[in-house]
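*Asks:* next input, structure requested:
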Amino acid sequence: MNEFQEREIVKGYWLYDGLLKEGVIIKAIAYDYWYELEKSDGLDMADEQPELNAMGEMYMIEWTDHMHKIRESFTVGTLDLDSTKAVAEVVVNQRIDWV
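*Replies:* Okay, here's the model as predicted:
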């Protein structure tokens, strides 16, 4: 899926175990992650359509080191930035300092 475009929307910080500063980046991606995953797995997508927002995007949450340099993992977000931020905060069970 590397041929698809993505753009950085917002960065943030949170504390792992209340001590270790970790990073998070929300990115807008110009494709439906789940649709493309199923398509690449060979599923028949003829009757399906990608689900994207009005800008033709969805959001991904990228978990990083505190410098936002090393990608550690990712979480699929939603079609809305605010609800994707809320998903990120649920994953880490705390408020994220968005910068």
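*Asks:* go through the helix or strand bottoming out on mean pLDDT in the chain and flag the buried ones.
*Replies:* Ranked by mean pLDDT, DSSP states H and E, the weakest helix or strand in the chain is helix 33-40, scoring a mean of 90. Of the residues in helix 33-40, Tyr33, Tyr35, Lys39 count as buried by neighbour count, 16 or more other CB atoms under 10 Å. C-betas here are computed from N, CA, C, even on glycine.
*Asks:* chain center to it: distance?
*Replies:* Remark: helix 33-40 is offset 15 Å from the chain centroid, using CA atoms, centre = their mean, to the nearest Å.
*Asks:* what's in contact with that helix?
*Replies:* Met1, Phe4, Met45, Glu48, Gln49, Pro50, Glu51, Met58, Met60, Val76 (CB atoms under 8 Å, 6 or more residues apart in numbering).
*Asks:* how about the helix or strand that comes right after it as PDB, C-alpha atoms only?
*Replies:* Using DSSP states H and E, the next helix or strand after helix 33-40 towards the C-terminus is strand 58-64. What follows is strand 58-64, C-alpha atoms only, in PDB (Å, rounded to 0.1, in the frame of the first residue of the first chain):
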ATOM      1  CA  MET A  58      -9.500   8.700   6.600                       C
ATOM      2  CA  TYR A  59      -7.200   9.000   9.600                       C
ATOM      3  CA  MET A  60      -4.500   6.700  11.000                       C
ATOM      4  CA  ILE A  61      -2.800   7.000  14.400                       C
ATOM      5  CA  GLU A  62       0.900   6.400  14.400                       C
ATOM      6  CA  TRP A  63       2.600   5.600  17.700                       C
ATOM      7  CA  THR A  64       6.200   6.800  17.800                       C
END
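*Asks:* quick one: the one residue sitting closest to the centre of the chain and Gly23, what's the gap?
*Replies:* What sits nearest the mean C-alpha location of the chain, by CA atoms, centre = their mean, is Met60, with 1.3 Å. Distance, Met60 to Gly23, using CB to CB, to the nearest Å: 14 Å.
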